[in-house]
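**Q** what follows is a predicted structure for the sequence shown.
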Amino acid sequence: MRILVIDDEKNIRRTMAMALESMEHEVVCASSGAEAFKEIRMAAFDAVFLDLKLHQENGLETLEGILRMAPEAAVVIITAFGSIETAVEAMRLGAFDYLPKPCTPEQVRQLLAKVEKTKRLESRVAALESQLSAEAQEIDLSTDSPLMQRVVDVTFKAANSDATVLLLGESGTGKSVLAKAMHVRSPRRSAGFVTVSCPSLSRELLESELFGHVKGAFTGALLDTQGKVAAAEGGTLFLDEIGDLPLEIQAKLLRLLQEREYERVGETRQRKANVRVISATNRDLELAVRDGRFREDLFYRLNVITIRLPPLRDRYQDLERIAKRQLEFFAQRAGKQFKGFTPAALDAMRSYQWPGNLRELRNLIERAVILGNGDQIDVDDLTEIVQTRAELRLGGKVTLEEIENEHLRRVISNSRTIDEAASLLGVDPATLYRRKKKL
């Protein structure tokens, strides 16, 4: 590493430099804060050894200057035994660690090993964050669908509050994406966004996952675990597929929402929680309440603001734009270039009903990019199910009534009012209302 030693005693600078150079580090010495700042302006340093007792200088002010100029450097304070309190204050300001004066070469070696380990971890975290950012698509809520635009408007308004939000919609409609978008636009965006998948674990493990547990609470509980509620402190807790939450845990979740309190498994101590809860489900919670599978009081607690996401088949105006974004994303990852989709491929995708919604579209585009050979995605690059089950395609084997009903449903879904839809279709609003009710 490249190390800067700051001390006003020449012998100490020379001794420290010899010790560090014997460990194969590159060393630069400075006798004052001003001299140190000059060196930092000329080159980057991995670590800085700073004696707080510099002649006629305030060591803490020098520390603050170094941290401003070189925030990536690990600053190690060198202090006499009687100045431990000053060293603690220095660490509070941002110093990495401190060494007693005089210190041995072995103490220096161990501390530098700690610095190196920390820097390796920081480098790995930065690499992982870079990789995740490259692999994760930017959240895009732009839309040409009136139905989806209403969803986006409510999302933006709800984001600025701490209200509990319930997201409803079929599987794959983008509920988790919308929850994340709400978090990044909220005052809690600097804290964590923590997801709990409710159907993924058994009741016992889910309770531990959510609230944490203490050592020995159950077989296999070898260490204390804080849980997702604690991990989301100050941020957002996203409960995915809340409709599958076991009844036994529903009561504890209700308490968390009402009183902002919870207990870890195997512990009697009450803990406070400062989290915003967003939940999502593809189930009919009102039916689950009537059937006794979901607590009515919890339902009303979760149901402060409800946002229903439309299926992809009801926002066909967005299909081509979303497909092109997915194509650009996966093509870049695969190192390929595509100009877009052929008219036949777009026609097949528009005609298909997309029961798996956005998730199915994403998977289809990824597959097409991997297997496609031309400069455009053609219908032959799409999955067989899209090719053969592109329902209600004009000229296909469907009745006029099926085509008419589907056309009515799509126009209604993408119009602001029944009157607007009736005007577009050229029918009386009362007639359209009766047809809508029948459909």
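**A** Received, thanks. Residues are numbered from 1 along each chain as shown.
**Q** show me what contacts L178?
**A** Counting by CB atoms under 8 Å, 6 or more residues apart in numbering, L178 touches L141, V151, T155, L167, I307, L309. Every residue, glycine included, has its C-beta placed from N, CA and C.
**Q** which two of these have the greatest separation?
**A** L141 and L167 (13.5 Å; CB to CB).
**Q** the more surrounded of those two?
**A** Set side by side, L141 and L167 show more neighbours around L167, with 27 against 15, by other CB atoms under 10 Å.
**Q** among the contacts of L178, which are in helices?
**A** V151, T155 (DSSP state H).
**Q** pLDDT added to the contacts of L178, as TSV?
**A** Formatted as TSV, these follow (pLDDT from 0 to 100):
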residue	pLDDT
L141	83
V151	93
T155	93
L167	96
I307	95
L309	94
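**Q** who's in contact with the residue nearest to P187 when sequence neighbours are not counted?
**A** Closest residue to P187 apart from its sequence neighbours, by CB to CB, 6 or more residues apart in numbering: N160 at 7.0 Å. Taking CB under 8 Å, 6+ apart, we find N160 in contact with R185, S186, P187.
**Q** can you put those in TSV and add secondary structure?
**A** Shown next, in TSV, are the contacts of N160 (DSSP: H, G, I helix; E, B strand; the rest coil):
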residue	secondary structure
R185	coil
S186	coil
P187	coil
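**Q** please check those and keep the buried ones.
**A** Among those, those buried by neighbour count (16 or more other CB atoms under 10 Å) are R185, S186.
**Q** CSV please, covering the contacts of N160 and showing distance to K228.
**A** Shown next, in CSV, are those (distance: CB to CB, whole Å):
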residue, distance to K228
R185, 22
S186, 18
P187, 20
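**Q** nearest to L60 among the contacts of N160?
**A** Nearest to L60 among those, counting by CB to CB, is P187 at 33.0 Å.
**Q** tell me how this structure divides into domains.
**A** Per automatic domain parsing, the structural domains of the chain span 2-131, 146-310, 313-388, 400-438.
**Q** follow-up on the earlier one: how near is the residue nearest to P187 to I40?
**A** In this view, N160 and I40 are 41 Å apart by CB to CB, to the nearest Å.
**Q** also Q326?
**A** To I40, Q326 is 46 Å away according to CB to CB.
**Q** and for L99, the neighbour number?
**A** Neighbour count for L99, taken as other CB under 10 Å: 18.
**Q** for it, list each beta-bridge partner.
**A** Applying DSSP bridges to L99 gives these bridge partners: I78.
**Q** and it, how far from A19?
**A** To A19, L99 is 12 Å away according to CB to CB.
**Q** which neighbours do these two have in common?
**A** Shared contacts of L99 and A19, counting by CB under 8 Å, 6+ apart, come down to V108.
**Q** any stretches of the stretch 151-300 of the chain with poor pLDDT?
**A** Residue ranges of the stretch 151-300 of the chain with pLDDT under 70: none are present.
**Q** so where do the helices sit in it?
**A** Secondary structure of the stretch 151-300 of the chain (DSSP state H, counting those that start in this stretch): helices at 175-184, 203-211, 228-231, 247-259, 285-290, 296-302.
**Q** which strands or helices does the shortest one pack on?
**A** When contacts are defined as 3 or more CB pairs under 8 Å, 6 or more residues apart in numbering; DSSP states H and E, helix 228-231 packs onto strand 193-197, helix 203-211.
**Q** before we move on, what about the fourth one?
**A** With contacts defined as 3+ CB pairs under 8 Å, 6+ apart, helix 247-259 has these neighbours: helix 203-211, strand 261-262, helix 296-302.
**Q** can you pull up the most central residue in the chain?
**A** F193 (5.5 Å; CA atoms, centre = their mean).
**Q** that one - nearest residue in space that isn't next to it in sequence?
**A** Distance criterion CB to CB, 6+ apart; nearest residue to F193, sequence neighbours excluded, is H183 at 4.5 Å.
**Q** let me see the backbone angles for R2.
**A** Note on R2: backbone dihedrals following degrees, to the nearest 10 are phi -100, psi 120.
**Q** and the helices in the stretch 301-439 of the chain?
**A** Under DSSP H, counting those that start in this stretch, the stretch 301-439 of the chain gives helices at 319-334, 343-351, 357-371, 384-388, 400-413, 418-425, 429-438.
**Q** quick one, which of the ones you listed gets closest to E263.
**A** Closest of those to E263 is helix 357-371, at 35.9 Å (criterion: CB to CB).
**Q** let me see the mean pLDDT of that closest one.
**A** Mean per-residue pLDDT for helix 357-371: 91.
**Q** could I get the buried residue list for that helix?
**A** Under the neighbour-count criterion of 16+ other CB under 10 Å, helix 357-371 has N357, L358, E360, L361, R362, L364, I365, E366, A368, V369 buried.
**Q** so what's R109 closest to, chain neighbours aside?
**A** M23 (6.2 Å).
**Q** now K436
**A** Nearest one to K436, counting by CB to CB, 6+ apart, is I412 at 5.8 Å.
**Q** name the residues of stretch 65-72 that are buried.
**A** Applying 16+ other CB under 10 Å to stretch 65-72 flags I66, L67, A70 as buried.
**Q** okay if I get these as JSON lines plus distance to F49 and secondary structure?
**A** Listed next are these as JSON lines, based on distance: CB to CB, whole Å; DSSP: H, G, I helix; E, B strand; the rest coil:
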{"residue": "I66", "distance to F49": "11", "secondary structure": "helix"}
{"residue": "L67", "distance to F49": "14", "secondary structure": "helix"}
{"residue": "A70", "distance to F49": "13", "secondary structure": "coil"}
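**Q** TSV for those, including distance to S197 and pLDDT?
**A** Formatted as TSV, the buried residues of stretch 65-72 follow (distance: CB to CB, whole Å; pLDDT from 0 to 100):
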residue	distance to S197	pLDDT
I66	45	90
L67	41	89
A70	42	87
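**Q** which residues sit in contact with the nearest residue to D314 once chain neighbours are set aside?
**A** Excluding its sequence neighbours, the residue lying closest to D314 (CB to CB, 6+ apart) is S413, at 4.1 Å. By CB under 8 Å, 6+ apart, the contact list for S413 reads L147, P310, D314, R315.
**Q** weed out the non-buried ones from these.
**A** Neighbour counting with 16+ other CB under 10 Å marks L147, P310, D314, R315 as buried within those.
**Q** from those residues, pick the one nearest E406.
**A** E406 lies nearest to D314 out of these, by CB to CB, at 10.9 Å.
**Q** so for E57, what's the pLDDT?
**A** Reported pLDDT for E57: 80.
**Q** need the helices and strands packed on helix 228-231 in JSON lines (columns: distance to F218).
**A** Formatted as JSON lines, the helices and strands packed on helix 228-231 follow (distance: least, CB to CB, whole Å):
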{"stretch": "strand 193-197", "distance to F218": "19"}
{"stretch": "helix 203-211", "distance to F218": "7"}
